[in-house]
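A.B. asks: starting from these lines, generate the structure:
(chains A, B, C and D)
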Protein chains: 2
Amino acid sequence: MVRWQPGTSERLQAAALDLFASQGYEQTTAAEIAQSVGLTERTFFRHFSDKREVLFHGQQLLVDAFLAGMAAAPDDATPMELVAAALESAAEFFPDERREHSRLRQTVIDQNPALQERERHKLSVLAATVGEALRARGVTEPAATLAAESGATVFGVAFTQWIAPGETRPITQIERAVLAELRGLAAVGPGPAAGD
Amino acid sequence: MVRWQPGTSERLQAAALDLFASQGYEQTTAAEIAQSVGLTERTFFRHFSDKREVLFHGQQLLVDAFLAGMAAAPDDATPMELVAAALESAAEFFPDERREHSRLRQTVIDQNPALQERERHKLSVLAATVGEALRARGVTEPAATLAAESGATVFGVAFTQWIAPGETRPITQIERAVLAELRGLAAVGPGPAAGD
DNA sequence: GTGACTGTTGTCAGTCACAGACATCACCAT
DNA sequence: ATGGTGATGTCTGTGACTGACAACAGTCAC
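C.D. replies: This is a model prediction of the structure:
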């Protein structure tokens, strides 16, 4: 009939998440994932550069969302305003329907150091790309890198909170709160803002 | 005479850096590193949990330096002041004599994504540990995580600058400049309050 | 329709990272 | 000496990942 089933990558990703969640990441072989959707190990590695990547494929879309948000910002925006715009834009990637899926995925990641390493790496790539875009807009170093890394940090903290048990606020709202907190942190003068 | 040569880990690390630098990370096998100092592959993996780790062993000492700096700070220090103290303390790890070694090591890391991933991971572990210490001192979330991640970012940016070609300033001086830049970045504009 | 072309998959064989089990071999305390 | 200890070597196995090549279903030109 058909040559091959379409959506091979998506089926592999879904199967991988299922298997990782039910029996653990290390206890699941790439061959096992492939066989569970009627493919071979070789095909798995044609779709994903390595075993971890099956959980992280598609992050480029998130990066693009960040860039799109910045591109739409006014010319005279400050670096932090650009970062804020990027965060707003990226929030569209995390509608409420996706929250449960994100939670399941995160439980898998949280249980394996190798996956956490990859997750951090993706966040770094995001920051590097945002930094590059800032530089292209004339932001100088080290401000560009600092703003970009701060944006990635805010996103990471906000995302973690977004999938926290009981959390119901949309991610945009959390992002704004976290960004405000960061501004307050750096702005504190001679008095303690927290602690004691 | 002696049972075994002392300083096995150090010899393996030195040999690994040499081989990585001369023929590339991926082109160097763990067995090759071990044999170059008269040991076996199995022994290599007893000293380092994985092949990448041979370049990153000892980072706990850096983490400890961060923590020591914070521990020595006054009780009423703000989160950013604590981070500043940690950075000052960590700078002791990077005297001028070490700059060339750091440069060589970094050229190796810069040429391999897997090593960059591990480097970022180590920086994340550092940030997580600093965040934990901040929380132990009463700093609440998300301020603790934000301050800790910012500290790690400042350190990373400063370190990168420290090993840049032609750079001669000590790392403390660079750290202070980068930290000041970060403060300025966040302070720009009226900083609208978050919707909560 | 036939044949060339393309993109995806399967098969096969190989390398290398890494781990478990067990023996060995100084040295050290008793 | 005797037994314990810690680092090492040897052996063996698994699984991640890769290169080369064949097979195959569609597509397009003619």
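A.B. asks: got a list of what residue A:34 touches?
C.D. replies: The contact partners of residue A:34, by C-beta atoms under 8 Å, 6 or more residues apart in numbering or on different chains, come to A:12, A:40-41, A:43-44. C-beta coordinates here come from the backbone N, C-alpha and C atoms, glycine included.
A.B. asks: now with 7 Å?
C.D. replies: Contact partners of residue A:34, counting by C-beta atoms under 7 Å, 6 or more residues apart in numbering or on different chains, are A:40-41, A:43-44.
A.B. asks: so which of those is the most crowded?
C.D. replies: residue A:44 (24 neighbours; other C-beta atoms under 10 Å in any protein chain shown).
A.B. asks: where along chain A do the helices fall?
C.D. replies: Secondary structure of chain A (DSSP state H): helices located at A:8-23, A:30-36, A:41-47, A:59-71, A:79-90, A:99-110, A:113-136, A:143-162, A:171-187.
A.B. asks: any chance of those helices in a markdown table, plus mean pLDDT?
C.D. replies: Formatted as a markdown table, these follow (pLDDT from 0 to 100):
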| stretch | mean pLDDT |
| --- | --- |
| helix A:8-23 | 96 |
| helix A:30-36 | 97 |
| helix A:41-47 | 97 |
| helix A:59-71 | 95 |
| helix A:79-90 | 96 |
| helix A:99-110 | 97 |
| helix A:113-136 | 97 |
| helix A:143-162 | 97 |
| helix A:171-187 | 93 |
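A.B. asks: need these in JSON lines (columns: distance to residue B:27).
C.D. replies: Shown next, in JSON lines, are the helices of chain A (distance: least, C-beta to C-beta, whole Å):
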{"stretch": "helix A:8-23", "distance to residue B:27": "30"}
{"stretch": "helix A:30-36", "distance to residue B:27": "24"}
{"stretch": "helix A:41-47", "distance to residue B:27": "21"}
{"stretch": "helix A:59-71", "distance to residue B:27": "29"}
{"stretch": "helix A:79-90", "distance to residue B:27": "38"}
{"stretch": "helix A:99-110", "distance to residue B:27": "31"}
{"stretch": "helix A:113-136", "distance to residue B:27": "22"}
{"stretch": "helix A:143-162", "distance to residue B:27": "31"}
{"stretch": "helix A:171-187", "distance to residue B:27": "43"}
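A.B. asks: who in chain A is up against DNA strand D?
C.D. replies: Counting by C-beta under 7 Å from any atom of the strand, the residues of chain A close to DNA strand D are A:1-3, A:28-31, A:41-42, A:45, A:49-52.
A.B. asks: please repeat the previous calculation with a cut-off of 10 Å.
C.D. replies: Residues of chain A lying near DNA strand D by C-beta under 10 Å from any atom of the strand: A:1-4, A:25-34, A:40-46, A:48-54, A:114.
A.B. asks: any of those residues buried? List them.
C.D. replies: Among the residues of chain A next to DNA strand D, those classed as buried by 16 or more other C-beta atoms under 10 Å in any protein chain shown are A:25, A:28, A:30, A:33-34, A:43-44, A:48, A:51-54, A:114.
A.B. asks: what is the neighbour count of the residue nearest to residue A:135 when sequence neighbours are not counted?
C.D. replies: Nearest residue to residue A:135 in three dimensions, chain neighbours excluded: residue A:144, at 4.7 Å (C-beta to C-beta, 6 or more residues apart in numbering or on different chains). When neighbours are defined as other C-beta under 10 Å, residue A:144 has 22 of them.
A.B. asks: and for residue A:6?
C.D. replies: 9.
A.B. asks: contacting residues for it?
C.D. replies: By C-beta under 7 Å, 6+ apart, residue A:6 lies in contact with nothing.
A.B. asks: export the contacts of residue A:34 to CSV and append columns for distance to residue A:81.
C.D. replies: Putting the contacts of residue A:34 into CSV (distance: C-beta to C-beta, whole Å) gives the following:
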residue, distance to residue A:81
A:40, 50
A:41, 48
A:43, 45
A:44, 43
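A.B. asks: contacts with DNA strand C among these, please.
C.D. replies: Residues of these in contact with DNA strand C (C-beta under 10 Å from any atom of the strand): A:40-41, A:43-44.
A.B. asks: could those residues go into a markdown table alongside distance to chain B?
C.D. replies: Shown next, in a markdown table, are these (distance: C-beta to the nearest C-beta, whole Å):
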| residue | distance to chain B |
| --- | --- |
| A:40 | 25 |
| A:41 | 21 |
| A:43 | 23 |
| A:44 | 19 |
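A.B. asks: outline the domain layout of chain A.
C.D. replies: For chain A, whose domains are defined here by automatic domain parsing, the residue ranges read A:8-54, A:58-185.
A.B. asks: quick check: which of those is buried the most?
C.D. replies: domain A:58-185 (a mean of 19; mean count of other C-beta atoms under 10 Å in any protein chain shown).
A.B. asks: which parts of chain A sit against chain B?
C.D. replies: By the rule C-beta under 7 Å from any C-beta of the partner chain, the part of chain A lying against chain B is A:78-81, A:117-118, A:120-121, A:124, A:142-143, A:145-147, A:149-150, A:153, A:157, A:173, A:176-183, A:185-188, A:192-196.
A.B. asks: how about 6 Å then?
C.D. replies: For chain A, the residues in contact with chain B (C-beta under 6 Å from any C-beta of the partner chain) are A:78, A:117, A:120-121, A:124, A:142-143, A:145-147, A:149, A:153, A:157, A:173, A:176-178, A:180-183, A:185-188, A:192-196.
A.B. asks: quick one on the thing from earlier: out of the contacts of residue A:34, who's nearest DNA strand D?
C.D. replies: Nearest to DNA strand D, judged by C-beta to the nearest atom of the strand, of those is residue A:41 at 6.1 Å.
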